[in-house]
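Chemist: everything below, folded, please.
(one chain, ligands or ions: 3)
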Amino acid sequence: MDTRFFVIWMEEITAAVRAGRDHLTRLDAAIGDADHGTNLDRGFAAVAEALAARPPDTPGGVLVLAGSTLIRKVGGASGPLYGTAFREMGKTLGDAADVSAADLASALEAGVAGVRRLGGAEEGDKTMVDALAPAARAMARSVGGGGGGDPEVAFAAAAAAAEEGAKATVPLVARKGRASYLGARSAGHEDPGAASTALIVGALRAVAAR
Ligand code: ADP
Ligand code: MG
Ligand code: MG
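Modeler: Ligands and ions are numbered 1, 2, ... in the order given. Next comes the predicted model:
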C-alpha cells in the first residue's frame, strides 16, 4: 500500500464520519456531552484540508499529518487520543514508501499502545480501546496466520472485530472519560468512541476491497 492508499483511507474516513456524524452525536448525547460526531467531523474535514494543502510523500507522513491535525483541531478527548493513535502508527511506518498488511498491523498495535498510555483505559472500560484493541489483535492474527498477509482479508477481520467490540460496550459501565461520571447509568448505551473506531477501521476495509 502506497501513499495514495493512505490518502484515500483518510478521505473514506472523512466521508464515513460525515455520514455518521449525527448518529455518533446521538450516542454521545446519551452518556456524554453530545459532541462526538461534530468533533470528529470537524477534525477529519481539517485532515482532508491539510492533506490537500501539504501532500505527504509517504504513508507514514499521511498518518502523522492526520494525527497532528486531529490533536490541533479537536477539542474533545477523542482528538488527542485519535491523534496519538495516527501519529504513533505513522511513526511506526517510518519513511517506507510502500507498506504491507503486516507493517500496518504492527503500526496499529503501536497506535493502540499510544492511546492506552495517554488515556489510561484498559479493555472493558467502555472506550474506543474496546474497539481498537480487538481490531489490532484481529489484524495481527490475520497477517500472522490464516489471512496469508492479504490486506483485504486482514482489514475485513479487523473491521469485524472493531464492530463487535463497539457493540460489546453496550452493557459496560464506563470507567474512563465523561461517561464515567454517570457511573452505573452509563450501562445500556454504546460508547461513541468505540462506534467511531468501527467506522475508521471499516473505512480501511472499504478502501482495500475496491
Ligand atoms: P469529550 O468526551 O471530551 O466530549 P468526545 O465526545 O469527542 O470527547 O469523545 C468521547 C470518546 O472518547 C468516548 O466515547 C471514549 O470512547 C473516548 N475516551 C474518552 N476518554 C478516554 C480515555 N481516557 N481513554 C480512551 N478513550 C477515551
Ligand atoms: Mg463528547
Ligand atoms: Mg466534549
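
Chemist: ok, the residue nearest to residue 30 when sequence neighbours are not counted to residue 172 distance?
Modeler: Nearest residue to residue 30, sequence neighbours excluded (CB to CB, 6 or more residues apart in numbering): residue 189, at 4.4 Å. C-beta coordinates here come from the backbone N, C-alpha and C atoms, glycine included. From residue 189 across to residue 172, the span is 9 Å (CB to CB, to the nearest Å).

Chemist: rewinding a little: for the residue nearest to residue 30, give me its contacts.
Modeler: Residue 189 is in contact with 27, 30, 31, 170, 179, counting by CB atoms under 8 Å, 6 or more residues apart in numbering.

Chemist: among the residues you listed, which ones are in helices?
Modeler: 27, 30, 31 (DSSP state H).

Chemist: and the residues you listed as JSON lines, adding neighbour count?
Modeler: As requested, the ones in helices among the contacts of residue 189 are exported to JSON lines (neighbours: other CB atoms under 10 Å):
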{"residue": "27", "neighbour count": "25"}
{"residue": "30", "neighbour count": "16"}
{"residue": "31", "neighbour count": "24"}
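
Chemist: between those, which is nearest residue 105?
Modeler: Residue 105 lies nearest to residue 27 out of the ones in helices among the contacts of residue 189, by CB to CB, at 27.8 Å.

Chemist: near ligand 2, which residues of the protein?
Modeler: By CB under 5 Å from the ion, the part of the chain that sits against ligand 2 consists of 28, 32, 33, 35, 36, 76.

Chemist: most neighbours, which of those?
Modeler: Using other CB atoms under 10 Å as the neighbour criterion, residue 36 leads those with 29 neighbours.

Chemist: so that residue touches residue 193, yeah?
Modeler: Yes - using CB atoms under 8 Å, residue 36 makes contact with residue 193 at a distance of 6.8 Å.

Chemist: who touches both of those two?
Modeler: Each of residue 78 lies in contact with both residue 36 and residue 193 under the rule CB under 8 Å, 6+ apart.

Chemist: packing partners for the helix or strand hosting residue 155?
Modeler: Assigned by DSSP states H and E, residue 155 belongs to helix 151-167. Judged by 3 or more CB pairs under 8 Å, 6 or more residues apart in numbering; DSSP states H and E, the packing partners of helix 151-167 are helix 101-119, helix 129-144, helix 192-208.

Chemist: out of those helices, which comes closest to ligand 3?
Modeler: With CB to the ion, the closest approach to ligand 3 among the helices and strands packed on helix 151-167 belongs to helix 192-208: 10.2 Å.
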